[in-house]
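1. Okay, sequence plus prediction incoming.
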Amino acid sequence: MTTITLPARCDRSAAGLIQPELAAAVAAGPVTIDATGGGQFGQAMLQLLVSARLSGAVTIAASDALREAAQLAGLEDILLGTAGQ
């Protein structure tokens, strides 16, 4: 299983940098995304995480900030629940 650790600031720039690594990891098998250190989550990162969850066996270890952003965007079930698995 591959683990990908997200940076503290998960904005569009970070999403663009992580996307190739995440796509390759998802294609290779189960992935854990460590988002426990994330303090800011932008829409681009949320979209990337949703795509990853729906594309393969991806588990997300969420920070409080990610939980709040997911709740505000209405994405809790997809990002933090069992959707996509």
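-> Okay, I see it.

2. how about the strands of this protein, start to end?
-> Secondary structure of the chain by DSSP state E: the strands cover 2-5, 9-10, 31-35, 40-41, 58-62.

3. Format those as a markdown table; extra columns: distance to residue 70.
-> Just so you know, the C-beta spots here come from the backbone N, C-alpha and C atoms, and that holds for glycine as well. Output for the strands of the chain, formatted as a markdown table (distance: least, C-beta to C-beta, whole Å):
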| stretch | distance to residue 70 |
| --- | --- |
| strand 2-5 | 17 |
| strand 9-10 | 12 |
| strand 31-35 | 10 |
| strand 40-41 | 8 |
| strand 58-62 | 7 |
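
4. Please tabulate those in a markdown table, including the columns mean neighbour count and distance to residue 77.
-> Shown next, in a markdown table, are the strands of the chain (neighbours: other C-beta atoms under 10 Å; distance: least, C-beta to C-beta, whole Å):
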| stretch | mean neighbour count | distance to residue 77 |
| --- | --- | --- |
| strand 2-5 | 14 | 21 |
| strand 9-10 | 20 | 20 |
| strand 31-35 | 21 | 16 |
| strand 40-41 | 21 | 16 |
| strand 58-62 | 19 | 12 |
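
5. so which of these comes closest to residue 18?
-> Of all the strands of the chain, it is strand 2-5 that lies closest to residue 18, at 6.8 Å by C-beta to C-beta.

6. This protein: helices as residue ranges?
-> 12-28, 43-55, 64-73, 76-80 (DSSP state H).

7. Of all these, which one is nearest residue 37?
-> So among the helices of the chain, helix 64-73 is nearest, using C-beta to C-beta, at 9.5 Å.

8. Now do stretch 9-18: distance to the chain's middle.
-> 11 Å (C-alpha atoms, centre = their mean, to the nearest Å).

9. whoops, I mixed them up, stretch 71-80
-> Averaged C-alpha coordinates place stretch 71-80 at 11 Å from its chain's average position (C-alpha atoms, centre = their mean).

10. wait, what's in contact with the residue nearest the centre of the chain?
-> Central residue of the chain (C-alpha atoms, centre = their mean): residue 49, 3.3 Å from the mean position. Shown in contact with residue 49 (C-beta atoms under 8 Å, 6 or more residues apart in numbering): 33, 35, 60, 79.
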